[in-house]
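K.L.:
What follows is a protein structure lacking sequence information:
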């Protein structure tokens, strides 16, 4: 079953899976950081098998002029050892259901250009490549 992390223990249990995607994360700072993000609408969904969290997704539901009301997936990661077991597919389906239930017009995410396996997965999930994302790191 896919759940939304509500307490510090559930958030902390997601760290190892999130760390595989966001390698710069510090374990001691993870729970406070997620709690801070939650004050701005961030939600953390997780999927647990019998023994551990195997897939996580950080997302926001918000509104803008381009998409209207939308669900944006900020983070999506499955444990490397647990990939190709439909956990990511199940997570994507759950996120879509949440978006529809919340009246969203769109479901979208960004993916680093180097993440070819992820791109194949997203295309297989009926997502389309619709834009380029430009960024600049500020000192």
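P.N.:
That came in fine, so what should we check first? Note that the structure is a prediction, hence the values are computed from the model and not measured. Residues are numbered from 1 along each chain as shown.

K.L.:
contacts, neighbours, all on C-alpha from now
P.N.:
OK.

K.L.:
residues contacting residue 46?
P.N.:
Shown in contact with residue 46 (CA atoms under 8 Å, 6 or more residues apart in numbering): 2, 3, 4, 5, 14, 53, 54, 55, 56, 57, 91.

K.L.:
if you set the cut-off to 10 Å instead, what comes out?
P.N.:
Residue 46 sits next to 1-5, 10-11, 13-14, 17, 53-58, 76-78, 87, 91 when contact means CA atoms under 10 Å, 6 or more residues apart in numbering.

K.L.:
Give the next helix or strand downstream of the helix or strand harbouring residue 90.
P.N.:
According to DSSP states H and E, residue 90 maps onto helix 87-101. Next along the chain after helix 87-101, taking DSSP H and E as the criterion, comes strand 106-109.

K.L.:
Tell me the buried residues in that next one?
P.N.:
In terms of neighbour count (16 or more other CA atoms under 10 Å), strand 106-109 has its buried residues at 106, 107, 108.

K.L.:
next one: stretch 108-121
P.N.:
Going by neighbour count (16+ other CA under 10 Å), the buried part of stretch 108-121 is 108, 111, 119.

K.L.:
what does stretch 26-35 give?
P.N.:
Applying 16+ other CA under 10 Å to stretch 26-35 flags 30, 31, 34, 35 as buried.

K.L.:
distance of the second one from residue 110?
P.N.:
It stands for residue 31. Using CA to CA, to the nearest Å, residue 31 is found at 23 Å from residue 110.

K.L.:
Give me the nearest residue to residue 13, chain neighbours excluded.
P.N.:
residue 53 (6.6 Å; CA to CA, 6 or more residues apart in numbering).

K.L.:
so what's the one you found up against?
P.N.:
Counting by CA under 10 Å, 6+ apart, residue 53 has contacts 2, 10, 13, 14, 15, 16, 17, 46, 47, 78, 79.
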